[in-house]
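> Give me the fold of what follows.
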Amino acid sequence: MTHHIIKATPNTVHLGGFSHELEPVLMIESGDTVDVETYTGYYIYDKVPPEFLTPEFVDICQNLPPERKIADGPHLLTGPIYVRGAEPGDILEVKLEAIKPSLPVGFNAIRTGWGALPHQFTQPALRFIPLDLENNVAEFPVNSGIKIPLRPFFGILGVATPETQRSSIPPGCYGGNIDNRELQAGSRVFLPVFVTGALFSIGDGHAAQGDGEVNVTAIETSMNGRIQLKIRKDLQLTAPIAETNTDIITMGFGETLDAALEQALNNMIDFLVRLTNISPEDAYVLCSLTVNFRITQVVNLPQKGVHAMLPKSVFPEGSNLSLI
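Numbering: from 1, shown residues only. Below you'll find the predicted structure:
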């Protein structure tokens with residue numbers, strides 16, 4: 001295995017979406033690890049406080065080449081990374097080894113027409129929230145005494161698809177803007193591969209977020225991480241799935257929460273049938289008895305998200321339930 005480093009520069013990030021036509025910024029072997037640097041806030045960089053501005057971020061915002069502006073999404077993504085040997089039909093295993101905010105401040109934005117209550121909160125609003133990185137908390141509102149534990153994660157983990165241009169806003173079978181706060185350091189995400197090399201990109205750092213992400217943003221901040229990318233030819237998946245130390249997580253995306261829940265449920269039933277050899281009906285019952293369904297996000301239009309969490313503790317010791 002080889003270890004690589006990607007610093008965020010105008011030539012290693014891209015804006016707004018995914019495209020298989022983007023030149024990879026790094027080519028690696030399956031199993032290699034990568035330190036990745038990500039930035040966020042491209043469209044508000046002229047409004048941010050000084051501690052949010054690094055020379056590297058300013059350089060990106062002022063000098064990003066036109067060919068690296070892909071679609072209408074607001075997200076800066078680092079990549080794509082080409083994994084040698086990855087072919088359509090394979091699965092890309094993304095191990096999140098470390099995730100850490102790189103700045104002592106983040107922002108939250110209400111955007112007109114977005115969020116769970118767009119007709120109630122109609123005015124745009126931009127708030128900057130200090131991050132106490134030493135104590136791993138954020139106080140909001142400031143001086144309120146309300147302390148939010150920081151649980152940093154990357155909102156976007158995704159691969160390219162055959163489409164020339166795909167917005168970074170909605171999630172899908174390729175991953176993308178999943179916004180699943182369970183994907184902390186130590187977890188793994190498994191993504192179907194659609195193009196040669198997978199062309200994986202990462203970004204949208206969140207220091208803290210509630211399930212639902214109801215006002216359209218979390219505590220958005222620039223984030224550094226260490227990941228391992230591995231090609232899995234022994235798995236067959238049609239949608240992202242994840243594994244933490246405690247749970248198997250299936251995901252569902254749809255234009256309604258009902259549709260997203262149905263997809264997450266069917267994905268969990270399929271997983272249980274394949275890995276435990278129980279019947280689909282027994283898997284359906286088991287989901288009702290022990291699987292927890294949570295709203296991932298309701299704001300990344302047109303796709304809402306639901307994730308299903310299966311506790312690994314309910315299975316006998318030594319059960320081969322892990323995807324690792």
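> Val31 reaches Gln228, doesn't it?
Quick fix: residue 31 reads Gly, not Val. Yes. Between Gly31 and Gln228 there is a contact under CB atoms under 8 Å: 6.9 Å. Backbone N, C-alpha and C define where each C-beta goes, glycine included.
> Neighbour count: those two, which is higher?
Gln228 (18 against 14; other CB atoms under 10 Å).
> Pull the contacting residues for Trp222.
You called it Trp, but residue 222 is Ser. Applying CB atoms under 8 Å, 6 or more residues apart in numbering, we find Ser222 in contact with 37-41, 52, 54, 57, 101-103, 205.
> average pLDDT across the lengthiest helix in the chain?
In the chain, assigned by DSSP state H, the helix with the most residues is helix 257-276. In this model, helix 257-276 has an average pLDDT of 96.
> do the same with stretch 156-167
96.
> Between its first and last residues, how far does that stretch reach?
Using CA to CA, to the nearest Å, the end-to-end distance of stretch 156-167 comes to 12 Å.
> Stretch 23-36 too?
Terminal residues of stretch 23-36 lie 17 Å apart, using CA to CA.
> do stretch 63-81 as well
21 Å.
> what about it, distance to the chain center?
Stretch 63-81 has its average C-alpha position 16 Å from the chain's average C-alpha position, going by CA atoms, centre = their mean, to the nearest Å.
> buried stuff in it?
64, 68, 70-71, 73-81 (16 or more other CB atoms under 10 Å).
> what's the farthest-apart pair in those residues?
Maximum pairwise distance among those (CB to CB): 21.5 Å, between Pro74 and Ile81.
> Pull out the buried residues from stretch 300-312.
Buried, per 16+ other CB under 10 Å, within stretch 300-312: 300, 303-310.
> Wait, Ala71 touches Arg166, no?
Yes. The pair Ala71 and Arg166 passes the contact test of CB under 8 Å, sitting 6.5 Å apart.
> Between those two, which contacts overlap?
17-19.
> Just the buried ones from those residues, in PyMOL syntax?
Listed next is the PyMOL selection for buried residues among the shared contacts of Ala71 and Arg166, using 16+ other CB under 10 Å:
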select buried, resi 17+18+19
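> Which residue ranges of the stretch 1-150 of the chain form strands?
3-6, 13-15, 17-18, 26-29, 33-38, 76-84, 91-101, 105-110, 125-130, 137-139, 147-149 (DSSP state E, counting those that start in this stretch).
> domain parsing for the protein?
According to the TED database, the chain comprises the domains 3-232, 246-314.
> how about those in a markdown table, adding distance to Asn320?
A markdown table is the format used below for the domains of the chain (distance: least, CB to CB, whole Å):
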| stretch | distance to Asn320 |
| --- | --- |
| domain 3-232 | 15 |
| domain 246-314 | 7 |
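> on that earlier part again, may I see the buried residues of stretch 300-312 organised as CSV, with secondary structure and pLDDT added?
Formatted as CSV, those follow (DSSP: H, G, I helix; E, B strand; the rest coil; pLDDT from 0 to 100):
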residue, secondary structure, pLDDT
Asn300, coil, 96
Gln303, coil, 97
Lys304, strand, 98
Gly305, strand, 98
Val306, strand, 98
His307, strand, 98
Ala308, strand, 98
Met309, strand, 98
Leu310, strand, 97
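> Serialize the residues you listed to JSON lines and add fields for distance to Cys287.
Listed next are these as JSON lines, based on distance: CB to CB, whole Å:
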{"residue": "Asn300", "distance to Cys287": "25"}
{"residue": "Gln303", "distance to Cys287": "22"}
{"residue": "Lys304", "distance to Cys287": "19"}
{"residue": "Gly305", "distance to Cys287": "17"}
{"residue": "Val306", "distance to Cys287": "12"}
{"residue": "His307", "distance to Cys287": "13"}
{"residue": "Ala308", "distance to Cys287": "7"}
{"residue": "Met309", "distance to Cys287": "11"}
{"residue": "Leu310", "distance to Cys287": "8"}
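> ok, those vs Ala283, which is closest?
Nearest to Ala283 among the buried residues of stretch 300-312, counting by CB to CB, is Leu310 at 10.2 Å.
> Relative to Ala198, how far out is the residue lying closest to that closest one once chain neighbours are set aside?
Setting aside the residues directly before and after it, Leu310 is nearest to Ile248 in space (CB to CB, 6 or more residues apart in numbering), at 4.4 Å. As judged by CB to CB, to the nearest Å, Ile248 and Ala198 stand 22 Å apart.
> between the two, who's got more neighbours?
Taking neighbours as other CB under 10 Å, Ile248 and Ala198 compare with Ala198 leading, 32 against 22.
> what about the nearest residue to the more buried one once chain neighbours are set aside, how many neighbours?
Excluding the flanking residues, the one nearest Ala198 by CB to CB, 6+ apart is Ala86, at 4.1 Å. Using other CB under 10 Å, Ala86 is surrounded by 25 other residues.
> my guess is Thr238 contacts Pro192, does it?
Yes. Counting by CB under 8 Å, Thr238 touches Pro192, with 6.3 Å between them.
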